[in-house]
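Visitor: Sequence and predicted structure, then a few things I'm wondering about:
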Amino acid sequence: MITESIQSLFIRDLNKLRTEIDAYSDEKNIWKTDKNISNSAGNLCLHLVGNLSHFVGAILGKSGYVRTRELEFSLKDVPRAELIQQIESTTEIVNSSLGQLSAEEFMKEYPLEPFGYPMTTEYFLIHLFGHLSYHLGQINYHRRLLDL
């Protein structure tokens, strides 16, 4: 069933996000940028947890999370332990929120129109999973290029 598949994939990649952040040999390098790399792994991590905590947790799971998107890109030097705690919290919120959804709810219209047009919850969740995967790949390359 699609609900379990999407839930499983989100959890898998959020666990991989934790592994990537934990894999930096020097915690300071999480926040490094370079001439052609404008987003640090730390800011991408904050962006991912903010995005999922908002669109999945707050909107679908009614978690009460309030997003401050600007801080996802402006905060610096958040300790690794805090990033990992945020990833773990987001993993729980995503797991709980998606676990509450029935197959019928996946086919209903998503409550917001982030792209300016209506879409099903299933469609938007697939988009969010692609967004997570895209930035997870960026973090993996960031670590391999800048964690020297």
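Guide: Nice, I can see it. This one's a predicted model, so the numbers in the text were calculated from it and none came from an experiment.

Visitor: which helices and strands sit right next to the helix-or-strand element of the chain with minimal mean pLDDT?
Guide: Within the chain, no helix or strand scores below helix 103-107, which has a mean of 93 by mean pLDDT, DSSP states H and E. Using 3 or more C-beta pairs under 8 Å, 6 or more residues apart in numbering; DSSP states H and E as the contact criterion, the secondary-structure elements in contact with helix 103-107 are helix 2-22, helix 121-146. The way it works is simple: take the backbone N, C-alpha and C, and place the C-beta from them, glycine included.

Visitor: Pull out the buried positions in that helix.
Guide: For helix 103-107, a neighbour-count test (16 or more other C-beta atoms under 10 Å) marks Phe106 as buried.

Visitor: what do you get for stretch 61-71?
Guide: Residues of stretch 61-71 classed as buried by neighbour count (16+ other C-beta under 10 Å): Gly61, Ser63, Tyr65.

Visitor: out of those, who's nearest Met119?
Guide: Proximity to Met119 was ranked across these by C-beta to C-beta; first place goes to Gly61, at 18.3 Å.

Visitor: per-residue confidence at the closest one?
Guide: Residue-level confidence at Gly61 comes out at 97, pLDDT.

Visitor: So it is in contact with Glu92, correct?
Guide: No - when contacts are counted by C-beta atoms under 8 Å, Gly61 is not listed as touching Glu92 (10.2 Å).

Visitor: what sits against the residue positioned nearest the centre of the chain?
Guide: For the chain, the residue nearest the mean C-alpha position is Leu48 (2.8 Å; C-alpha atoms, centre = their mean). Residues touching Leu48, when contacts are defined by C-beta atoms under 8 Å, 6 or more residues apart in numbering, comprise Leu17, Thr90, His131, Leu132, His135, Leu136.

Visitor: Could you pull up the residues touching the fourth one?
Guide: Spelled out, it's Leu132. Contacts of Leu132 (C-beta under 8 Å, 6+ apart): Phe10, Asp13, Leu14, Leu17, Leu48, Asn51, Leu52.

Visitor: Before I go, just wanted to say thanks for your time.
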